[in-house]
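**Student:** compute the structure for the input listed below.
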Amino acid sequence: MMKVRGWIAVVSVVTLASCLRFEPRPATKVSDYSESGVEESVTMRDEDVHFSPAVLAIGTPRDRVFAAFGHPNASRTTDAGTIEDVYAFNPDGSKFVNPTVRPRNLALAFFTAGISVAVRHARLALVENKLTLYHVLYTPNDDISSVTVERLPGAPERLPSA
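**Tutor:** Numbers count the residues shown, from 1 in each chain. Next comes the predicted model:
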């Protein structure tokens, strides 16, 4: 009976721990399970999207930013009612892909007794520490009104542009 309770406790802790880094994303697309989608999930980078400073110029329409960079890593509506998008880029200029919880992560966590979760979180912390974030604020007409750059401690001074 004690062994069963122990396994239940382990499974519960692993399940909860794997959900701690969950960040909501847009609805799952079929392409998430394509070869490139799986690669992006593992590497946390989209090699097809690269930083381009020309796209983030004041007055650029939001749909042009979407066309160049895809969906933002985060988005919110400010108190003033305008939209702020956040784009994250790796030191090599590729776009950072937000981590997601997938069935394989849960299964791996179960079979490795949580060790895979700890390794993934450590790896994620190393990657996140090197990101450059671009906070893009739009006008009510969906044109860029300002761009604020936030370099995390391990980020390079300048990103290579496409």
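**Student:** use CA for all of it now, contacts and neighbours both
**Tutor:** Fine.
**Student:** going along the chain, name the helices of the chain.
**Tutor:** 2-19, 35-43, 62-69, 103-111, 115-128 (DSSP state H).
**Student:** can you tell me what sits against stretch 75-84?
**Tutor:** Identification of contacts with stretch 75-84 by C-alpha atoms under 8 Å, 6 or more residues apart in numbering yields Asp85, Val86, His135, Val136, Leu137, Tyr138, Thr139, Pro140, Asp142.
**Student:** please repeat the previous calculation with a cut-off of 7 Å.
**Tutor:** With C-alpha atoms under 7 Å, 6 or more residues apart in numbering as the contact definition, stretch 75-84 has outside contacts at Asp85, Val86, His135, Val136, Leu137, Tyr138, Thr139, Pro140.
**Student:** contacting residues around the fourth one?
**Tutor:** Counting by C-alpha under 7 Å, 6+ apart, Val136 makes contact with Glu84, Asp85, Val86, Ile144, Ser146, Val147, Thr148.
**Student:** sketch out the low-pLDDT regions of this protein for me.
**Tutor:** 1-43, 101-111, 115-127, 162 (pLDDT under 70).
**Student:** any chance of a ChimeraX selection covering the buried ones in the contacts of stretch 75-84?
**Tutor:** Here the buried members of the contacts of stretch 75-84 are turned into a ChimeraX selection, burial being counted by 16 or more other C-alpha atoms under 10 Å:
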select :85,86,135,136,137,138,139
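**Student:** among the contacts of stretch 75-84, name the ones in strands.
**Tutor:** Counting by DSSP state E, the part of the contacts of stretch 75-84 found in strands is Asp85, Val86, His135, Val136, Leu137, Tyr138.
**Student:** quick check: closest non-adjacent residue to the fifth one.
**Tutor:** In this case it means Leu137. Closest residue to Leu137 apart from its sequence neighbours, by C-alpha to C-alpha, 6 or more residues apart in numbering: Glu84 at 4.5 Å.
**Student:** cool, the third one as well?
**Tutor:** Taking C-alpha to C-alpha, 6+ apart, and ignoring the residues beside it in sequence, His135 has Val86 as its nearest neighbour in space, at 4.6 Å.
**Student:** quick check, the one you found in contact with Thr132.
**Tutor:** No - contact criterion C-alpha atoms under 7 Å: Val86 and Thr132 do not qualify, at 10.1 Å.
**Student:** could you find the closest non-adjacent residue to Ser85?
**Tutor:** Let me fix one detail, which is that residue 85 is Asp and not Ser. Nearest one to Asp85, counting by C-alpha to C-alpha, 6+ apart, is Ser75 at 4.3 Å.
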